[in-house]
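Trainee: how does the following fold in three dimensions:
(2 chains)
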Amino acid sequence: MLIATWNINSVRIRLQIIEEWIKERKPDIILFQEIKCENDSFPKSFFENLGYVCQINGEKGKNGVAILIKKSCNLGSYSVSNFDFNKSSQARVIELNFDNKLYILSLYAPNGNPITDKTKFNQKNLWYKNLFKYTRNLFNNESDIILGGDFNVLEGENDVLDIKNWKNDALGCDETIYNFRKVLSNGFTNIVRIFNNQKNCFSFWDYQNSSWERNYGLLIDHFLVSPRILERTKEFGIDSHLRGHEKPSDHVPVWINLNI
DNA sequence: ATGCCGGGCGAAGCCCGA
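Mentor: Now for the predicted structure:
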């Protein structure tokens, strides 16, 4: 079963690139972030025609997350929840709960910049603290958990070419790294750390400064999984080539393939 | 490079992202 996460930077203007990618990658489950539309404006029938059921936590004009599941997916029935981890009424979390045994979440962490703006930075910290608390309870219940999304953190020294220049930034500063590792400490493994230890492995390239052409990217989109999911993960990939597509998102899909 | 590009909104120019 292939699960992908993709910060799509507006779902409505990316339908062509998404359709091409779906036909090539054939994901069973897609976690979107930054759909940038309300639930009613989400192109539901477009994805239904491609064989998916859409679960959406949208917001007008910005943020917004969604999970698409193939109609043929045999994981069973589930309930859908949205959480407001940073108490801001922003749509950054959607969860599918499969009978309290398996949880799949699509996550969009706040950017938090500039760190001198306490409102934005504190909201990011609060979001992470509540993600920690929430997932700790799931571990207490011995559930299987898959977190996929844009975590807006530069945790590793190779997650950008010049990590030292990001220490006063909300992505690379110590507090954000601490908050991210606190979530990991619940028992998650970051799949990219197991399946890829090469440098220059990125999931985002800014539209500006010829970032793609210079390969000045960031690795900020991740899958964090609980132990039994790690055991069943057989493949990991990043579809970097899509960043070179016409009218791309600034992020590319990251995916895992599971023995489920 | 304290936003250079590229979204949204709404109909010009501002807000936002990483």
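Trainee: pick out the residue nearest the middle of chain A.
Mentor: With distances taken as Cα atoms, centre = their mean, the residue of chain A nearest its centroid is residue A:149 (0.8 Å).
Trainee: doesn't it lie inside a helix?
Mentor: No: counting by DSSP: H, G, I helix; E, B strand; the rest coil, residue A:149 is not part of a helix but strand.
Trainee: alongside DNA strand B, which residues does the stretch 1-150 of chain A contribute?
Mentor: Within the stretch 1-150 of chain A, the positions near DNA strand B by Cβ under 7 Å from any atom of the strand are A:7, A:9-10, A:12-13, A:34, A:36-37, A:41, A:60-62, A:110-111, A:113-114, A:120, A:150. (Each C-beta comes from the backbone N, C-alpha and C, glycine too.)
Trainee: would you put the C-alpha positions of the helix ranked longest in chain A in CSV?
Mentor: What stands out as the longest helix in chain A, according to DSSP state H, is helix A:118-140. In CSV, the C-alpha atoms belonging to helix A:118-140 read as follows (Å, rounded to 0.1, in the frame of the first residue of the first chain):
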residue,chain,number,x,y,z
LYS,A,118,5.9,36.0,19.2
THR,A,119,2.4,35.4,17.9
LYS,A,120,3.4,33.3,15.0
PHE,A,121,6.3,31.6,16.7
ASN,A,122,4.3,30.8,19.8
GLN,A,123,1.6,29.4,17.6
LYS,A,124,4.1,27.0,16.0
ASN,A,125,5.4,25.9,19.4
LEU,A,126,1.8,25.4,20.7
TRP,A,127,1.0,23.3,17.6
TYR,A,128,4.0,21.1,18.2
LYS,A,129,3.2,20.7,21.9
ASN,A,130,-0.3,19.6,21.2
LEU,A,131,0.8,17.2,18.5
PHE,A,132,3.1,15.7,21.1
LYS,A,133,0.4,15.4,23.7
TYR,A,134,-2.1,14.0,21.2
THR,A,135,0.2,11.4,19.7
ARG,A,136,1.5,10.3,23.2
ASN,A,137,-2.0,9.2,24.0
LEU,A,138,-2.2,7.2,20.8
PHE,A,139,1.0,5.4,21.7
ASN,A,140,-0.4,4.7,25.2
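Trainee: what helices or strands is that helix leaning on?
Mentor: strand A:144-150, helix A:174-184 (3 or more Cβ pairs under 8 Å, 6 or more residues apart in numbering; DSSP states H and E).
Trainee: now do the first one against helix A:174-184, angle only.
Mentor: Using axes from the mean of the first three to the mean of the last three Cα atoms, to 10 degrees, the direction of strand A:144-150 lies 150 degrees away from that of helix A:174-184.
Trainee: got the angle between strand A:144-150 and helix A:118-140?
Mentor: Strand A:144-150 runs at 160 degrees relative to helix A:118-140, counting by the same axes, to 10 degrees.
Trainee: and the closest residue to residue A:176 other than its chain neighbours, what helix or strand is that in?
Mentor: Closest residue to residue A:176 apart from its sequence neighbours, by Cβ to Cβ, 6 or more residues apart in numbering: residue A:153 at 5.2 Å. Per DSSP states H and E: residue A:153 is located in neither a helix nor a strand.
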